[in-house]
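>>> could you look at this predicted model? Sequence included:
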Amino acid sequence: CRLRAYFSAIGITGVIYSYLLQAISRLLFTISSFKYRRLITFKIYYILIFIQWFVVCLVTLPTIITEDIHFYPNALCWISTRYLLHIFYSFLTYYTIPICIIIMIYIYIYYKVKQTIKNVVTTINTIQAQKHNVEVLRNTLILLSIYLGGVFPAFLFYITSIKSIYLINLVTVTLTIVIE
């Protein structure tokens, strides 16, 4: 049961950390592509992908190490509602920290793109590329908002400790990943 919960946690966490990796990739490409060409090579991306999966496997390790996982009939093997510290840790490392970093990266990218448009007289192609970057930012934030909607029941559970909200959370995260 713990192994199934571990792989479920890896899947859910892997999705949000892949969004983080996309944000880092866009940051490297948008901000650093002219100054530091070596940062946008396939080798760097392979290293980033390896680091991403290493971190995902590492932050989900408490699922396998601890005895906090229990089987819910007609549901999944997941963290028992009695172990609020483990639930808080999961909520923090699976969702909150990566989402905050993603939001900060995209705000920084948006700020830099706006600043570049204001300060530099550029060619039409560069302006179109920057508009494309803003469009990609908008689309990514829409996807992130959908994902946050799926995480909202987990936040409600952490505040209220109502078991039915916890069980709803198990379904909504998976549902929003499918919607994306």
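Right, received. Where do you want to start?
>>> show me the longest helix that occurs in the protein.
Criterion DSSP state H: the longest helix present in the chain is helix 124-160.
>>> in that helix, what's buried?
130, 133, 137, 140, 144, 147-148, 150-151, 153-154, 157-158 (16 or more other Cβ atoms under 10 Å). For glycine as for every other residue, the C-beta is placed from the backbone atoms N, C-alpha and C.
>>> wait, which of the residues you listed is closest to Trp53?
Distance to Trp53, by Cβ to Cβ, is smallest for Tyr147 among those, at 18.7 Å.
>>> now do the helices in this protein.
All helices of the chain, identified by DSSP H, fall at 2-32, 42-59, 62-65, 84-90, 97-119, 124-160, 163-179.
>>> mind giving me the packing neighbours of the shortest one?
In terms of contacts (3 or more Cβ pairs under 8 Å, 6 or more residues apart in numbering; DSSP states H and E), helix 62-65 is packed against helix 2-32, helix 84-90.
>>> give me the distance from that helix to the chain's centre.
20 Å (Cα atoms, centre = their mean, to the nearest Å).
>>> buried residues in that helix?
By neighbour count on 16+ other Cβ under 10 Å, the buried set for helix 62-65 is 62-63.
>>> which other residues reach that helix?
Helix 62-65 is contacted by residues 2-3, 5-6, 9, 68-69, 79, 86, 89-90 when judged by Cβ atoms under 8 Å, 6 or more residues apart in numbering.
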